[in-house]
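*Asks:* show me how the following folds:
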Amino acid sequence: MFQRINAIILLVQDMKKSIDFYNNVLGMEKKQESEDWVEFLKQGTVLALHPAKKKTKNHRLQEATKGGNILIGFNVSDLESVCNDLNKKNVKFYKNLKNESFGKHAIIEDPEGNLISLAEMAPKEEFMQIPYYHGFAPI
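*Replies:* Numbers count the residues shown, from 1 in each chain. Just a heads-up that it's a prediction; the model follows:
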């Protein structure tokens, strides 16, 4: 079901400062960038930055990130099946399965409340129609 970690996602307060730090101070090359999503490292697991806060209807994001500002992101091949299995095991969902511009996405919580992002990426030809993907974080 879970084959490898696809992304380490840092939820940051100041995107501009964080991008500058990872890009210019640490010398990490950007893989892709949008307004609310930046990836570093061109091969293997990526380091991604995503804003920690956005205006939302509720304050779930703030509650979910009290213990830390990091998400682990997994790519899976059949997210609907994975979500069904996790529901049967009474895993708590922070974000239910949803179709996004990049593919299917859900976020679960571990027993400590840490968020784990699950994504099934759209087929390559569909994915090429957009210049970036975002939405792995709970915003």
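
*Asks:* just checking, Lys16 is part of a helix?
*Replies:* Yes: Lys16 forms part of a helix when assessed by DSSP: H, G, I helix; E, B strand; the rest coil.

*Asks:* below-threshold pLDDT in the chain: ranges please.
*Replies:* Scanning the chain for pLDDT under 70 picks out 54-68, 112, 124-139.

*Asks:* ok, which stretches of it are strands?
*Replies:* All strands of the chain, identified by DSSP state E, fall at 5-12, 30-34, 37-40, 46-51, 70-75, 92-100, 103-109, 115-121.

*Asks:* ok now the longest helix seen in the chain, how far from the chain's centre?
*Replies:* The residue-count maximum for a helix in the chain (DSSP state H) belongs to helix 79-88. The gap between where helix 79-88 is centred and where its chain is centred comes out at 18 Å by C-alpha atoms, centre = their mean, to the nearest Å.

*Asks:* from the contact counts, what lies against that helix?
*Replies:* Applying 3 or more C-beta pairs under 8 Å, 6 or more residues apart in numbering; DSSP states H and E, one finds that helix 79-88 contacts strand 92-100, strand 103-109, strand 115-121. For glycine as for every other residue, the C-beta is placed from the backbone atoms N, C-alpha and C.

*Asks:* can you give me the angle that helix makes with strand 70-75?
*Replies:* Angle of helix 79-88 versus strand 70-75, following axes from the mean of the first three to the mean of the last three C-alpha atoms, to 10 degrees, is 120 degrees.
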